[in-house]
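Engineer: Curious how this folds, go ahead:
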Amino acid sequence: MIEWNHNMFSEKPGRTTEVHYHIITDPGVNVHVKPYLIPEAKREEIRTKVGRMLELGVIEESHSQWSSLIVLVPKSDDSRQFCNYFRKLNEVSQFDSYPIPRIDELNNRLGKAQFLSTLDLTKAKMGDLSSPNGSCFHPAKFLLIGIPGLETLHVWISIPFCFMYVIAILGNCTILFIIKTEPSLHEPMFYFLSMLAVIDLVLSTSTMPKLLAIFWFSYREISLEACLLQMFVIHSFSTIESGIFLAMAFDRYIAICNPLRHKTVLTNMIVSKIGLAAMIRGMLYISPLLLLVQRYAYYRTNIIAHSYCEHMAVVILVCGDITISNLYGLTIGFLVLLMDLLFIVLSYIMILRAVLRLASVDARLKTFSTCISHVCAILAFYTPIVASSLTHRFGQNVSPRIHILLANFYLLVPPMLNPIVYGARTKQIWQRVLKI
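Structural biologist: Now for the predicted structure:
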């Protein structure tokens, strides 16, 4: 049997990311045990074993406030096993209620075994990945959980997510194609709609391929660099999209309240500058947030209880004070979401005043109907993003799966709905789609 499975054995211990264990200790307690005097005869052996483990990559230099003693335990073959002495750690550890297996139950399980072995598990122990809540390390990779508590349903959940992603890709690509090839749609409102379609493609594609890989193949690993890039893309493009919605509200205000100046105010050059300003604003607002996260070198764990690298989901794992990062995130949320939304609401108040001044009911309905698509898109974008942001920071009693589902909805639902809403409400787009 061993010969058949020879590829499972190696002198160099491997490492698995499938199994992790956590040591939960009493809050506010650090275990620091002073080293004792080691006999000269054992020092060289310890140096050799430590050097070997450093070479194999199973340990690394640590600057943690936590420390425990090391001991050399004699084995039956007259060699000595390198061990950690964790008695002090055990004294402050919080034990769960999972019962220790009974010896008679283990014997019953082994009773029908065809092979029994006493293999040395030294290298298996080296492969363990532990993360005590007081022990901090610098992770090269993170592990995305997906949707905690619903792991057994990931394959089923992936079906509607994949369906919405396909609709988002096809819908937004169709919008871009039609606006480019239809001369009658070369107007400010549709230029802004093209920008919105590009942003929706970026937002949905920045998360959905990785999410589907988690759902279908349990591929949870993401490098630190890729995690930071994903975080930057998600938050910066969400900010840019908010700016485009504000620009579209301004377009509707000019078109309804001052229609004679619409084409002179919103020229192609002005529309391009507005789009560029929205992009620069989004990147400038989010860049400091990314720099703050990059300053954090040590984390309590590399397991992110989320389906993508959302800012708060990452920084709560940090060893250290995250007050500045949290406050900056709240400030950006206020400046971008609330201020943009406030200006959009003010624009529509002035639009309503202009519409109500019209003489006939038909004229009022026809004028305001040009804004219905924009209002629906705004509600689809701002509702889940505000709910997700508030529950993440203040909803301690809200289930984590609700946090994550809301976070995924605001990155997937608007990209799916925007092409449908604008396609259904815009006669030129609808007719062109029928021709295709």
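
Engineer: what stretches of the stretch 101-250 of the chain score poorly on pLDDT?
Structural biologist: 101, 109, 111-112, 114-135 (pLDDT under 70).

Engineer: Can you show me the strands along it?
Structural biologist: Along the stretch 101-250 of the chain, counting by DSSP state E, counting those that start in this stretch, strands occupy 141-144, 221-223.

Engineer: Tell me the buried residues in the longest helix along the chain?
Structural biologist: When the chain is parsed with DSSP state H, its longest helix is helix 224-257. Residues 224, 227-228, 230-257 are the ones in helix 224-257 that count as buried (16 or more other CB atoms under 10 Å). C-beta coordinates here come from the backbone N, C-alpha and C atoms, glycine included.

Engineer: Give me the packing partners of it, helices and strands only.
Structural biologist: Applying 3 or more CB pairs under 8 Å, 6 or more residues apart in numbering; DSSP states H and E, we find helix 224-257 packed against strand 141-144, helix 188-217, helix 262-265, helix 268-295, helix 311-315, helix 339-356, helix 372-394, helix 400-425.

Engineer: what's around Pro415, how many residues?
Structural biologist: 29 (other CB atoms under 10 Å).

Engineer: now Ile286
Structural biologist: Residues near Ile286, counting by other CB under 10 Å, number 25.

Engineer: what's the domain layout of this structure?
Structural biologist: Domain segmentation of the chain under automatic domain parsing yields 6-135, 142-435.

Engineer: Pull up the gap between Leu379 and Leu289, please.
Structural biologist: Separation of Leu379 from Leu289 (CB to CB, to the nearest Å): 26 Å.

Engineer: out of those two, which sits in the busier spot?
Structural biologist: More neighbours surround Leu289 than the other of Leu379 and Leu289, with 20 against 12 (other CB under 10 Å).

Engineer: That one touches Asn326, doesn't it?
Structural biologist: No. Using CB atoms under 8 Å, Leu289 is not in contact with Asn326; the gap is 10.4 Å.

Engineer: From Gly275, how far off is the residue nearest to Asn268 when sequence neighbours are not counted?
Structural biologist: Once flanking residues are discounted, Asn268 sits nearest to Tyr191: 7.5 Å by CB to CB, 6 or more residues apart in numbering. Using CB to CB, Tyr191 is found at 8 Å from Gly275.

Engineer: Pull the distance from the longest helix of the chain to the chain's centre.
Structural biologist: Distance of helix 224-257 from the chain centroid (CA atoms, centre = their mean, to the nearest Å) equals 18 Å.

Engineer: what angle do it and helix 188-217 make?
Structural biologist: For helix 224-257 against helix 188-217, the angle by axes from the mean of the first three to the mean of the last three CA atoms, to 10 degrees is 150 degrees.

Engineer: which one of the strands of the stretch 101-250 of the chain lies closest to Gly333?
Structural biologist: Among those, the nearest to Gly333 by CB to CB is strand 141-144 (23.0 Å).

Engineer: Now find how far off-centre the closest one is within its chain.
Structural biologist: In terms of CA atoms, centre = their mean, the centre of strand 141-144 is found 10 Å from the chain centre.

Engineer: Neighbouring strands of that strand in the sheet, and parallel or not?
Structural biologist: With DSSP bridges as the test, strand 141-144 is paired with strand 221-223 (antiparallel), strand 303-304 (parallel).

Engineer: Mean neighbour count, the ones you listed: which tops it?
Structural biologist: strand 303-304 (a mean of 21; mean count of other CB atoms under 10 Å).

Engineer: List the neighbours of that one that are in contact with it.
Structural biologist: Strand 303-304 is contacted from outside by 20, 131, 142-145, 227, 313-314, 317, using CB atoms under 8 Å, 6 or more residues apart in numbering.

Engineer: try it again with 7 Å
Structural biologist: Residues from elsewhere that reach strand 303-304 (CB atoms under 7 Å, 6 or more residues apart in numbering): 20, 142-145, 313-314, 317.

Engineer: Then stretch 367-384?
Structural biologist: Taking CB under 7 Å, 6+ apart as the rule, stretch 367-384 contacts 241, 245, 248-249, 252, 256, 337, 341, 344, 351, 355, 358, 406, 409-410, 413-414, 417-418, 421-422, 425-426.

Engineer: Please point out which parts of it sit buried.
Structural biologist: The neighbour-count criterion (16+ other CB under 10 Å) identifies 367-368, 371, 373-374, 376-378, 380-382, 384 as the buried residues of stretch 367-384.

Engineer: next one: stretch 350-363
Structural biologist: Residues of stretch 350-363 classed as buried by neighbour count (16+ other CB under 10 Å): 351, 354-355.

Engineer: same question, stretch 167-185
Structural biologist: Those buried within stretch 167-185 under the rule 16+ other CB under 10 Å are 167-169, 171-172, 174-176, 178-179, 185.

Engineer: now do stretch 146-161
Structural biologist: 146-147, 154, 157-158, 161.

Engineer: could you redo these as TSV and give each row distance to Cys136?
Structural biologist: Shown next, in TSV, are the buried residues of stretch 146-161 (distance: CB to CB, whole Å):
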residue	distance to Cys136
Gly146	25
Ile147	27
His154	30
Ile157	33
Ser158	34
Phe161	34
